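Novice: everything below, folded, please.
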Amino acid sequence: MSEKLDGLKEGTMAPDFTMTDASGKTSRLSDLRGKKSVVAYFYPRDFTPGCTTEATEFTRDFEKFREAGIEIVGISPDSEESHTKFRSKMGIPYHLVADPENAVSKKIWRLWPEELYGQGIHGRH
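Specialist: This next block holds a predicted model:
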């Protein structure tokens with residue numbers, strides 16, 4: 001793992017960001033603070049094999065997360081347009097964050113851009 005990986009520590013509040021749900025409604029992470037727990041996962045691209053599998057697994061277990069009061073948020077550098085297509089094709093009911101400049105990801109992970117979705121990072125939730 002990269003020595004530069006020194007993002008959020010346990011108990012540290014995550015930076016605020018905007019996300020879109022399956023209905024197209026936008027909200028902010030801060031809207032959930034004190035109300036729900038959040039599982040955020042980072043992935044490199046919509047429609048890639050590994051990311052599609054990951055999205056399918058979160059979709060499959062969505063009701064279990066919801067019943068436990070947990071919101072799921074997928075974050076990638078893809079556009080809102082790409083996320084809309086991905087969400088529609090895959091039946092994704094949870095929030096996706098368009099992070100084309102990796103601004104959210106960098107705030108959370110504090111990685112060099114070339115390491116953001118590189119070896120040792122992808123797949124960690």
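Novice: so where's the protein uncertain?
Specialist: Residues of the chain meeting the criterion pLDDT under 70: 1-11, 109-125.
Novice: so where do the helices sit in it?
Specialist: Assignment of helices within the chain using DSSP state H yields the ranges 49-60, 62-67, 80-90, 103-109.
Novice: any idea which of the ones you listed gets closest to G24?
Specialist: Proximity to G24 (CB to CB) singles out helix 80-90 among the helices of the chain, at 7.6 Å. Any C-beta I mention is one placed from the backbone N, CA and C, and that applies to glycine too.
Novice: elements contacting the closest one?
Specialist: Contacts defined by 3 or more CB pairs under 8 Å, 6 or more residues apart in numbering; DSSP states H and E place helix 80-90 against helix 49-60, strand 95-98.
Novice: could you list every helix and strand in contact with the shortest one?
Specialist: Packed against strand 95-98, as judged by 3+ CB pairs under 8 Å, 6+ apart, are the following elements: strand 18-20, strand 70-76, helix 80-90.
Novice: residue nearest the middle of this structure, spatially speaking?
Specialist: G74 (2.4 Å; CA atoms, centre = their mean).
Novice: re the thing from before, and the helices and strands packed on helix 80-90, which is most packed in?
Specialist: Sort the helices and strands packed on helix 80-90 by mean neighbour count, taking mean count of other CB atoms under 10 Å, and strand 95-98 sits at the top with a mean of 23.
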